[in-house]
Every structure is written in C-alpha cells, then in structure tokens.
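# what follows is a predicted protein model with its sequence.
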Amino acid sequence: MIDKARNDGRAWLIMLLVFCSVMVVIAGGRLATAAKSAGGEGLPSPPAEALLPTPHRQARQTSEWHAHPAVQATPEQEPGLPRRLVIPRLGVKMPIAAVAVDAETAMALPPRPTQIGWYAYGPRPGASHGSAVLGGHVDSRQYGVGPLAALKRLRPGDDVVVVTENGAERFRVRSVQLLSKQGLDLGKLFDREGDRLLRIITCGGTFRRSQGGYQANVVVTALPR
C-alpha cells in the first residue's frame, strides 16, 4: 500500500509539472501575440497634424520593419541620424525630428513650423537606396509662418544639406512641384527600394478652411551630390 501511494503521488506530481509547463507555454504565446499586436517598441507618434497619408502597405509594415529589419545595417552601411536641414540660398536652418505615423496612419509632423520631421520608418537621408522623406508645416495659427514657406522658391540645381550625427549629406534639387493632395503618388513618394532621393514636403496652393486647409503640397525632389 505504501509503494502504491508513493507511485500515485509521483504520478500526480508528474501530471502537475506537465500542466504547469503547458500553461507557461500558452501564457508566453499570448504575451508574444499581444506584443506583436502592439507593434513592439516602435517610435511614439507625436501629437501633430498629418501632412499626408502614408501608403497603406507601408503603414502596415512599420512595426514589423522596426522589430525585424530585412537587413541588419552597420554604421558603415548607412548614414547617421539626421539632425538639421540647411538650404543655403533660402537661408533655411531647421532642426529635424524623427516622426512616425499618427492614429490615421498618416505621417505625423512636429507641431511647430520651425521644425521639420523625418519619416523614421523610411530610409535616412543619404542612404544607399530609397526616398528619405522630410515634412513640416508651412505655417500654424498658434506659431505663425515657418521657414518652409520659402520652399516653393527653390530652383533646380540649388544645394540642400542634411546635417547628421556623423557629418553632412549633400543634395542637389532636381525638381520643385505643386501637387494636389489627391494626386500624390504615395507609393513613389515613400519608396524604400528605388533611387537615392531626398523628398521635402510642405503644404501649399489654395487655402480653403471649409475643405480642410491647403489643397496641395509643395514637393521638392533632390539627388545626392
């Protein structure tokens, strides 16, 4: 009887250990799923208005890209983080802030028009491929007119400099366009695989309060020098 009791006790102990192991695995799986749904430790979205919507494809990939980059870059493979935008001919000098997307899956912007945002889920300015996107408000009811109001005066051939934590990336303006917000090719604008480009965007065109504000965007495209 004593041996049988011992055997029964061992059987119950083994069953208890197996049950606990299964529950740990299930709980771990649920936590992993919750973390994945939350997007990991992605960049926080600043409380700013949206300049323009990002492509749905790119918006869905942002958290996965941040957590699982396709290529593990090294300091030698990519430029430093952008810190300041300088446009010599216009006298523009603006600090650059890393931004992500807002609740509407649109590119979030710094609230002050004296600061410009860099879309941090895309390439860095000067990267080996893809479009690095900088965007900011042209003006603000609270803060007034910002430096980007002069962006439309850029001409092909003008210099644009992005100062990074490691030095400076230099570009030459290729084009300056005024495009309706409905006519923007977002896939092209936020392209991460094509030619090395710098895009600088702000609002422009006619302002109609009843229709949500400015009806177009000034889009500058620049090539690396």
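Sure, I can see it. Every value quoted in this text rests on a predicted model; they were computed, and no experiment measured them.
# show me the chain divided up by domain.
Split into domains by automatic domain parsing, the chain comes to 1-38, 50-224.
# and the pLDDT at the closest residue to residue 147 other than its chain neighbours?
Once flanking residues are discounted, residue 147 sits nearest to residue 92: 4.6 Å by C-beta to C-beta, 6 or more residues apart in numbering. Backbone N, C-alpha and C define where each C-beta goes, glycine included. Residue 92 is assigned a pLDDT of 98 by the prediction.
# repeat for residue 104
70.
# hmm, residue 153 and the residue nearest to residue 147 touching each other?
No: when contacts are counted by C-beta atoms under 8 Å, residue 92 is not listed as touching residue 153 (10.2 Å).
# give me the more crowded residue out of the two.
Set residue 92 next to residue 153 and count neighbours by other C-beta atoms under 10 Å: residue 92 wins out with 19 against 12.
# from residue 160, how far out is the more buried one?
Applying C-beta to C-beta, to the nearest Å, the value for residue 92 to residue 160 is 9 Å.
# what is in contact with these two at once?
85, 86 (C-beta atoms under 8 Å, 6 or more residues apart in numbering).
# wait, what's in contact with residue 221?
173, 174, 175, 176, 177, 197, 198, 199 are the contacts of residue 221 under C-beta under 8 Å, 6+ apart.
# could you pull out the helices for the chain?
2-38, 56-67, 186-189 (DSSP state H).
# buried set for the last one?
If you call a residue buried by 16 or more other C-beta atoms under 10 Å, then helix 186-189 has these buried ones: 186, 189.
# neighbours around the residue lying closest to residue 98 once chain neighbours are set aside, how many?
Take residue 98 and drop its neighbours on the chain: the residue closest to it by C-beta to C-beta, 6+ apart is residue 120, 4.0 Å away. Neighbourhood size, residue 120 [other C-beta under 10 Å]: 19.
# sheet-wise, list the partners of the lengthiest strand in the chain with their directions.
For the chain, the strand with the greatest residue count under DSSP state E is strand 167-180. Strand pairing for strand 167-180, determined by DSSP bridges: strand 159-164 (antiparallel), strand 213-224 (antiparallel).
# of the contacts of residue 221 - the most surrounded one?
Result: residue 198 is most packed of the contacts of residue 221 (other C-beta under 10 Å), 27 neighbours.
# and the nearest residue to that one once chain neighbours are set aside, how many neighbours?
Among residues not flanking residue 198 along the chain, residue 222 sits closest, at 4.4 Å (C-beta to C-beta, 6+ apart). Neighbours of residue 222 under the rule other C-beta under 10 Å: 27.
# same check, this time on residue 155
Using other C-beta under 10 Å, residue 155 has 9 other residues around it.
# wait, it touches residue 173, no?
Yes: here residue 155 reaches residue 173: they are 6.7 Å apart, a contact under C-beta under 8 Å.
# do you know how far residue 98 is from residue 83?
Distance, residue 98 to residue 83, by C-beta to C-beta: 10 Å.
# so what's the residue nearest to residue 198 up against?
Applying C-beta under 8 Å, 6+ apart, the residues near residue 222 are 160, 171, 172, 173, 174, 197, 198, 199, 200.
# now residue 82
Applying C-beta under 8 Å, 6+ apart, the residues near residue 82 are 96, 118, 124, 125, 132, 134, 162, 163, 164, 169.
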